Every structure is written in C-alpha cells, then in structure tokens.
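**Q** Here is the input, now give the coordinates:
(one chain, ligands or ions: 1)
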Amino acid sequence: MKAIYTSPIDWLENRVRILDQSRLPDEEAYLELEDYLDVASAITELKIRGAPAIGVAGGYGVALGALKIESAQKNDFLKKLDVVMATIAATRPTAHNLFWAIQRMRKAAEGIDDVDRIKSALVDEAVKIHAQEREATYTLSQFGAELIRDGDTVLVHCNAGPLATAGYGTALGIILFAIEQGKKIKVMATETRPVLQGARITAWELKKAGVPVTLIVDSAAGYFMQRGEINCVIVGADRVAANGDTANKIGTYTLAVLAKENKVPFYVAAPTSTIDPALASGKQVPIEQRKPEEVTHIRGVPIALEGVAVQNPAFDVTPHRYITAIITEKGITKAPFGEGIGG
Ligand code: MRU
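**A** Numbers count the residues shown, from 1 in each chain. Model (predicted):
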C-alpha cells in the first residue's frame, strides 16, 4: 500500500495525536490528547472529523479511557469502561463508523479476566481498527478509480480525503488513485457551508497533493452540471442503510437530484464500516443537528441578524434511486441495489 498523505490521527503509546482540522488551512496544528474526554470534545468540535476518522478516534478514545481506569477488579473496570464508551458514543450521532468501532472495542474486552490484559487488548484493537480502515480505503480507491476516465472533471462535496478517513480517502482516494494511474483529472470542490470543509480542507489536501482543484459555492453545482462541465460526482458517506440510502454532509441530496436531472453519474464511496445493515432505509438514520452559530457566523464573524431563527442539520439522506453505484473495499455495487448492499 502506498504511503498515505497527512495523517489526521496517530497513536503514540499512551497518547493520541490529532491534526486539529478546525484550524485548517491557516495552521497545521497538532494536539496530543491523554484523556478520553479530550478525544470526545475533539470529535464534537470537528477537530477530528469525517466518518471513518471519527470511528478510528472513537477506538483510540476508548483505549485511552481504559488505560486510565484504576481498578484491578474486572466488574468494576467494565462498569467504568461502559461510561467511557457511552461518552464517546454521545459525541456525534450520524456516522455509523463510530458505533461500529465502539462495538468492536466492546467485543475485544470480552472473555478476558485480567484487567491489564483487557487494557492491552483494547489498545491492540484500536490500532487494528485504524490499520484496517487504512487498508479498506486504499482498496476501495483502487476499485473506484476504474469508474473515472482520463480527462474527467469530478465534483466532490465536503471532505472525503485522507484527513476524513485516517487512511487513503474515499471520494478523494479514488481521484488520487486515478491520478496515480496516469489519468488527468480535474476536481471541482464545493465550499460546503456551514463550516466549509470543502474550502478549508479538500482544497488544502488537493493543493498539497498537486491535484488541480477549483472551488465553487455550493449553489453553483447545478450551473456547472447543466453546462456539461462535470463528468461525475463522487461523495463519501456517514451512514449507508441496507437499501443503499446514504446519509452524507448536508447538500449531498441536492447534488444527487441535480446529477440525475443532468444525467451525471453519482457515486458514493465508503468502507463497509459505514454500512449499517440494521437500518432498512435511510429514513431511520439519526441526523445530527448542530449549533446555530455555525450558520450565523463564519469563523467567528457574525453574518446574520442576531437572534434570527436557525436550523442546522449537518447531514441529509440521498435515496438510493439517485445513486449510480456504491464503492466499498469489497468492490463496486451498481444500481439497482435489489436485495441491498450488504456490509
Ligand atoms: O461533519 P463532517 O465534517 O464530519 O462530515 C463529513 C462528511 O460528511 C464526509 O463526506 C463523510 O464523513 C465521508 S468521509 C470519507
């Protein structure tokens, strides 16, 4: 597997180092966290973000919490570990990867009697989750690259690169892989209001990787599709239901409807840790509602009348009928998804 680009999260013995994505692109600042509560806050405050990276951070957060529990008695230790897991689980509700990772951590603690051995099993499992996600995003990028042709302009939304995945990237991983294959690809990136992951992070990552990127406001996507300037749309996902309905950054549904209207293929790329087979459809996906200040302010500067009513859903659900194919590390599943997409 090729080297990944900037790593958003690393395990350093008894600490976690994260790149503070809330400060990009002004500063490339790293934080070293020793307390699981700081990992929980980092997830809530979008210092570490993107569904697969949130899952990896969740695993490391549980491991950090476990290391700090001062109890040699197994039942007492497990009770305290439950509090750690519940705190991490309460950070953000939409990305399935977080709950998938916590579930894996819970299983890793099962069947071991000695508390010190449970602690080392939890650290090992968190490191394994990270390695597997890195591998999964690399493999899915390889599969997805087959869908992109030499000379294509690809529209992306939000940020689904190495920083969002703690690996190779999903939507951006596919683009990076296609470029490594020698294809000439241009990227059009939406700025992604309200907190501008496209402008701040995607443009930064692509510039650093030497990929031609053009930034547009979210509402310009239809203009470019109508003019035939977009060959395909690729987005990541926060949760994919069994029928293929996909929750992703707010505005994804709008792009999918526009893509169908303009006969532009619309691809979703995600590791299988994002698939929630327990959900029959996207209607059941919990959608995170975030604070009004993200809408009324841009980077701390007010842009709206004080006290104005605000709604700020962070994600929307794209029904599967708008999705041309879903790409995971297991391969490409093309629509119609029939019996479902598995996971
Ligand atoms: O709120 P964020 O920045 O965590 O939202 C991220 C997205 O919506 C990404 O598109 C998604 O997590 C896929 S990441 C490969």
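**Q** For Pro52, give its distance to the ligand.
**A** 6 Å (Cβ to the nearest ligand atom, to the nearest Å). Using the backbone N, CA and C atoms, a C-beta is placed for each residue, glycine as well.
**Q** tell me, how many neighbours does the residue in the chain that the ligand sits nearest to end up with?
**A** The chain approaches the ligand most closely through Gly236 (2.6 Å), counting by Cβ to the nearest ligand atom. Neighbour count for Gly236, taken as other Cβ atoms under 10 Å: 30.
**Q** Quick check: closest non-adjacent residue to it.
**A** Counting by Cβ to Cβ, 6 or more residues apart in numbering, Ala160 is the residue found nearest to Gly236 once chain neighbours are left out, at 3.1 Å.
**Q** Gln289 too?
**A** Nearest non-adjacent residue to Gln289 (Cβ to Cβ, 6+ apart): Pro313, at 5.7 Å.
**Q** Which stretches in the stretch 151-300 of the chain count as strands?
**A** With DSSP state E, counting those that start in this stretch as the criterion, the stretch 151-300 of the chain has strands at 153-156, 186-190, 213-216, 232-235, 239-241, 246-249, 266-269, 275-276, 297-298.
**Q** Turn these into TSV, including mean pLDDT and mean neighbour count.
**A** As requested, the strands of the stretch 151-300 of the chain are exported to TSV (pLDDT from 0 to 100; neighbours: other Cβ atoms under 10 Å):
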stretch	mean pLDDT	mean neighbour count
strand 153-156	98	23
strand 186-190	98	23
strand 213-216	98	17
strand 232-235	99	25
strand 239-241	98	28
strand 246-249	99	30
strand 266-269	98	27
strand 275-276	98	24
strand 297-298	96	14
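**Q** rewinding a little: let me see the contact set for the residue nearest to Gly236.
**A** Neighbour list for Ala160: 50, 169-173, 202, 234-236, 269 [criterion: Cβ atoms under 8 Å, 6 or more residues apart in numbering].
**Q** Can you give me the domain assignment for the protein?
**A** Residue ranges for the domains of the chain, per automatic domain parsing: 9-138, 147-334.
**Q** Residues of the stretch 201-343 of the chain that sit close to the ligand?
**A** 236-238, 248-249, 314 (Cβ under 6 Å from any ligand atom).
**Q** coming back round to it: now the phi/psi pair for the residue nearest to Gly236, please.
**A** When read as degrees, to the nearest 10, the backbone of Ala160 gives phi -130, psi 50.
**Q** Leaving aside the residues adjacent along the chain, what's closest to Gly251?
**A** Asp218 is the one closest to Gly251 (Cβ to Cβ, 6+ apart), at 5.3 Å.
**Q** where does that neighbour land on pLDDT?
**A** pLDDT recorded at Asp218 is 98.
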